[in-house]
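*Asks:* sharing a model that was predicted from the sequence below.
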Amino acid sequence: MAQSGDGFALADFLGALSDTVRPGAARPVVVHAAELETLPADQVHNPTTLSIAGKLPTATFEIFRQTIPPGLSSDMQRHHHETVHFVISGEGYSEVEDETESWSVGDFVYTPPWTWHRHYNASATEPVEFLTIENSRLLGLLGVGRRQSAGLVTVAEARARFGEDSR
């Protein structure tokens with residue numbers, strides 16, 4: 001079965017998903033904190049650290065531990081997948097298109113698909129840590145995942161650079 005592109009059939013993809021998780025040595029049920037895989041800095045495009053629990057046997061979603069250093073932010077980006085951040089530690093705020101919302105420990109932050117967004121650490125001394133869950137793996141398998149990063153810019157600058165809706 002093709003995972004995307006020519007030869008891909010949604011019915012085959014959905015039919016191949018099991019009702020039970022079939023873990024093994026390569027895809028364990030538990031990934032310990034020390035086993036998280038830190039993405040190389042040149043793949044992140046901002047000052048945050050992304051550590052992925054990539055060995056979990058998830059078929060449709062990705063899980064990260066994201067750290068934003070004191071006083072810094074993620075990049076201004078948009079992507080086709082949905083994302084939920086659970087705030088493990090710290091406080092800050094997020095810009096999602098033209099809205100700005102504050103958050104702190106225990107809050108959930110939702111990023112809708114294809115919206116310009118950026119997350120800020122409001123502390124000058126303490127890092128922010130998120131548990132980040134996104135359905136990027138599913139969209140990648142379907143061949144429709146897309147991401148754009150505008151860097152450390154404002155929403156207006158991102159729109160000017162990429163246009164309003166260049167999907």
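*Replies:* Cool, the structure landed.
*Asks:* so which residues of this structure form helices?
*Replies:* Here the chain has its helices, by DSSP state H, at 10-16, 41-44, 136-142, 155-162.
*Asks:* dump the ones you listed to JSON lines, plus mean neighbour count and distance to Phe108.
*Replies:* C-beta here means a position set from N, CA and C on the backbone, and glycine is covered the same way. Below are these laid out as JSON lines (neighbours: other C-beta atoms under 10 Å; distance: least, C-beta to C-beta, whole Å):
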{"stretch": "helix 10-16", "mean neighbour count": "10", "distance to Phe108": "28"}
{"stretch": "helix 41-44", "mean neighbour count": "10", "distance to Phe108": "22"}
{"stretch": "helix 136-142", "mean neighbour count": "18", "distance to Phe108": "18"}
{"stretch": "helix 155-162", "mean neighbour count": "15", "distance to Phe108": "22"}
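*Asks:* now those in TSV, with mean pLDDT and distance to Ser94?
*Replies:* As requested, the helices of the chain are exported to TSV (pLDDT from 0 to 100; distance: least, C-beta to C-beta, whole Å):
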stretch	mean pLDDT	distance to Ser94
helix 10-16	65	32
helix 41-44	76	17
helix 136-142	89	18
helix 155-162	95	11
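*Asks:* pull the contacting residues for Gly145.
*Replies:* Taking C-beta atoms under 8 Å, 6 or more residues apart in numbering, we find Gly145 in contact with His79, His80, His81, Ser136, Leu139.
*Asks:* how near is Trp116 to Thr60?
*Replies:* 25 Å (C-beta to C-beta, to the nearest Å).
*Asks:* neighbour count: these two, which is higher?
*Replies:* Counted by other C-beta atoms under 10 Å, Trp116 and Thr60 do not tie: Trp116 has more neighbours, with 23 against 13.
*Asks:* nearest to Ala124, of the helices of the chain?
*Replies:* Evaluated over the helices of the chain, closeness to Ala124 peaks at helix 41-44, with 21.8 Å, by C-beta to C-beta.
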